[in-house]
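Student: coords please:
(one chain, ligands or ions: 1)
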Amino acid sequence: MSDTSKRIAVFGAGYVGLVTAACFAELGHRVAVRDVLVDRIAALRRGEVPIYEPGLDDLLERNRERLSFTTEVGEAMDGAEFVYVAVGTPPTYSGDADLSAVWTVIDELPRVDHRVVVAMKSTVPVGTGEKVRLRLDARGLEHVGYASNPEFTAEGTAVADFLEPDRIVIGSFDETDGEAVAALHDGIDAPIVRADVASAEMIKLAANAALMTRISFINEIANVCEATGADVVKVAEGIGHDRRIGKSFLRAGVGFGGSCFPKDSLALKQLAANSGYHFQVLNAVIEVNELQKRRVIGKLVELLGSLRGKRIALLGLAFKPNTDDTREAPAFVLAGRLLAEGADVVAWDPVAGADGLYGVEQVATVEEAARGADAAVLVTEWPQLNDVDWAVVAQGMRTPVLVDGRNMLDPQAMRAAGFTYDAIGRAAATGSA
Ligand code: UGA
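Tutor: All right, here's what the predicted structure looks like:
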């Protein structure tokens, strides 16, 4: 083993922790993953991957020899030179981030004689690093270093995002700790942004807020397109060519979901509010997104009248394709609203389950979901939907109404397949203004 190979303990075997562990192992480091979930650790030891993330299973398999999994803090920390914190930080009732899992890791760190650097991967409020520093010092662990090393990986592309990132951000109190964390990434070709800890923490929150702002912005443009007879897909293409604006994150749809954006928007809003600042743009971004998730209901009522007793097929449950994650998924909000309107809801998703959606029937194929339905709503743009024979689907429906909540399908082709087709912000393309 080369002398650049380090020993890393990763606390948390969720999406972020497992991707971090697998990727560091791929870079040649020895990584021990620790989680309190006994079943999860047992599964990982058996070689099973408890989450759906493309490429992760291969990476874990390929680097098996450099990876270990444990529930024991002591075992994970044995010889560790770096401690990566990758535990959940869900919102509390007040909208602040719940840092209890972070504090547990910090408080459980055993006494060590050698230099260990704690690196924060979990998304935390600005100021957390400062508090961790104080807590470590109070425990007599002044010699334990601290760095903020936020993640910018998106679910579904997390492995590639980690190994080929746009940038690596490292904030540290101590120059040497920052350098040591930077050196862990040797082999990755990306700019490294070195910063103070608070700025690194803010970079993470600001990056997500910027992306969310683009989504809510294009969704509002879409809504105005609908009212005025324009096509948001064309508009996004037209503005995206401007290099100052760029093309990404301008897909209008049923709003953003997932384990990050909704949580992080609340956390940043609360962080600002706690210091007496009213973050107006962010508040609008959140509100637009909430309304956007519900807009499809209005479209269905326009097309079908009352939804009571109507059978509605939801195509897609995951908050985006290539993941089984349904946290804050727009499909769940839609299902809840449809059930409240008295509709019968049937759902299809190639990977995600309808767990927690009481009263929703889940079926194995798109054709089955649409059979006898009064309308279908495309909620998640799964690539599998490109291979569907839509004419057959239309024929099987009670009324062939399709609302494309992701502007995935071609309006002309859908009309030719027999659908009354509507989408998001596509009045010019769908003739629905
Ligand atoms: C997001 C960020 O993209 C990552 O950089 C970040 O590291 C991560 O959050 C995090 O904080 O951990 P993720 O939530 O996995 O990643 O997924 P995205 O691909 O960003 O999509 C989020 C939501 O926005 C999805 O519901 C997606 O459908 C929606 N979206 C995205 C749109 O509605 N329109 C777009 O143009 C892009």
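Student: how near is the residue sitting furthest away from the middle of the chain to the ligand?
Tutor: No residue in the chain sits farther from the centre than Asp113, which is 37.7 Å out by CA atoms, centre = their mean. Applying CB to the nearest ligand atom, to the nearest Å, the value for Asp113 to the ligand is 34 Å. Where you see a C-beta, it was placed from the backbone N, CA and C, and this is true even at glycine.
Student: just Asp57 next, same as before
Tutor: 18 Å.
Student: burial of that residue, as a residue count?
Tutor: Residues lying near Asp57 (other CB atoms under 10 Å) number 15.
Student: what sits against it?
Tutor: Val49 (CB atoms under 8 Å, 6 or more residues apart in numbering).
Student: do Ala80 as well
Tutor: Going by CB under 8 Å, 6+ apart, Ala80 touches 7-9, 32, 116.
Student: per-residue confidence at it?
Tutor: Listed pLDDT for Ala80 reads 97.
Student: kindly report the same for Val181.
Tutor: 98.
Student: same question for Pro50.
Tutor: If you check Pro50, the pLDDT there is 89.
Student: hang on, it packs against Ala42?
Tutor: No: taking contacts as CB atoms under 8 Å, Pro50 lies outside contact range of Ala42: 9.9 Å.
Student: for Val118, helix, strand, or coil?
Tutor: strand (DSSP: H, G, I helix; E, B strand; the rest coil).
Student: pull the number of nearby residues for it.
Tutor: Residue neighbour count, defined by other CB under 10 Å, stands at 25 for Val118.
Student: now do the contacts for it.
Tutor: 82-83, 85, 106, 109, 132, 136, 144-147 are the contacts of Val118 under CB under 8 Å, 6+ apart.
Student: before we move on, back to that, quick check: the residue farthest from the centre of the chain vs Ala119, distance?
Tutor: From Asp113 over to Ala119 the distance is 20 Å, taken as CB to CB, to the nearest Å.
Student: same question for Val87.
Tutor: The spacing between Val87 and Ala119, counted by CB to CB, is 13 Å.
Student: same check, this time on His185
Tutor: Taken as CB to CB, the span from His185 to Ala119 is 11 Å.
Student: and these two? Which one has more around it.
Tutor: Neighbour tally, His185 and Ala119, criterion other CB under 10 Å: the higher count belongs to Ala119, 24 against 19.
Student: which ones are touching that one?
Tutor: Applying CB under 8 Å, 6+ apart, we find Ala119 in contact with 82-85, 146-149, 181.
Student: overlap in contacts of Pro50 and Ala42?
Tutor: Joint contacts of Pro50 and Ala42 (CB under 8 Å, 6+ apart) do not exist.
Student: restricted to strands, list the contacts of Val118.
Tutor: 82-83, 85, 145-147 (DSSP state E).
Student: now the strands for the stretch 251-400 of the chain?
Tutor: Remark: strands assigned in the stretch 251-400 of the chain by DSSP state E, counting those that start in this stretch are 311-315, 344-348, 360-363, 375-378.
Student: up against the ligand, what does the stretch 51-200 of the chain have?
Tutor: Contact residues (CB under 6 Å from any ligand atom) of the stretch 51-200 of the chain with the ligand: 123, 151-155.
Student: just the buried residues of these.
Tutor: 123, 151-153, 155 (16 or more other CB atoms under 10 Å).
Student: correct me, but Leu282 touches Asp264?
Tutor: No: taking CB under 8 Å as the definition, Leu282 is not a contact partner of Asp264, at 10.1 Å.
Student: one step back: farthest pair in the contacts of Ala80?
Tutor: Spanning the widest gap among those are Ala32 and Val116, at 12.9 Å by CB to CB.
Student: and the least confident of the buried ones among the residues of the stretch 51-200 of the chain next to the ligand?
Tutor: When these are compared, the smallest pLDDT is that of Glu155, 89.
Student: JSON lines for the strands of the stretch 251-400 of the chain, including mean neighbour count and mean pLDDT?
Tutor: Shown next, in JSON lines, are the strands of the stretch 251-400 of the chain (neighbours: other CB atoms under 10 Å; pLDDT from 0 to 100):
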{"stretch": "strand 311-315", "mean neighbour count": "27", "mean pLDDT": "98"}
{"stretch": "strand 344-348", "mean neighbour count": "24", "mean pLDDT": "98"}
{"stretch": "strand 360-363", "mean neighbour count": "17", "mean pLDDT": "96"}
{"stretch": "strand 375-378", "mean neighbour count": "27", "mean pLDDT": "98"}
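Student: neighbours of the residue nearest to Ala267 when sequence neighbours are not counted, how many?
Tutor: Spatial nearest neighbour of Ala267, chain neighbours left out: Ala97 (4.6 Å); criterion: CB to CB, 6 or more residues apart in numbering. Ala97 has 25 neighbours, counted by other CB under 10 Å.
Student: then Ala138?
Tutor: Counted with other CB under 10 Å, residues neighbouring Ala138 total 9.
Student: please apply the same query to the one 4 residues further on.
Tutor: Burial of Glu142, expressed as a neighbour count using other CB under 10 Å, amounts to 10.
Student: shaky segments in this protein?
Tutor: Low-confidence regions of the chain, defined by pLDDT under 70, span residues 1-2, 432-433.
Student: biggest helix in it by residues?
Tutor: Scanning the chain for the helix with the most residues, using DSSP state H, yields helix 197-228.
Student: for that helix, which positions count as buried?
Tutor: Neighbour count says helix 197-228 has 197, 200-205, 207-209, 211-223, 225-226 buried, by 16+ other CB under 10 Å.
Student: what's the answer for stretch 110-120, then?
Tutor: The neighbour-count check on stretch 110-120 (16+ other CB under 10 Å) flags 116-120 as buried.
Student: can you list the residues of the stretch 251-400 of the chain near the ligand?
Tutor: 251, 253, 256-258, 260-261, 264, 319-320.
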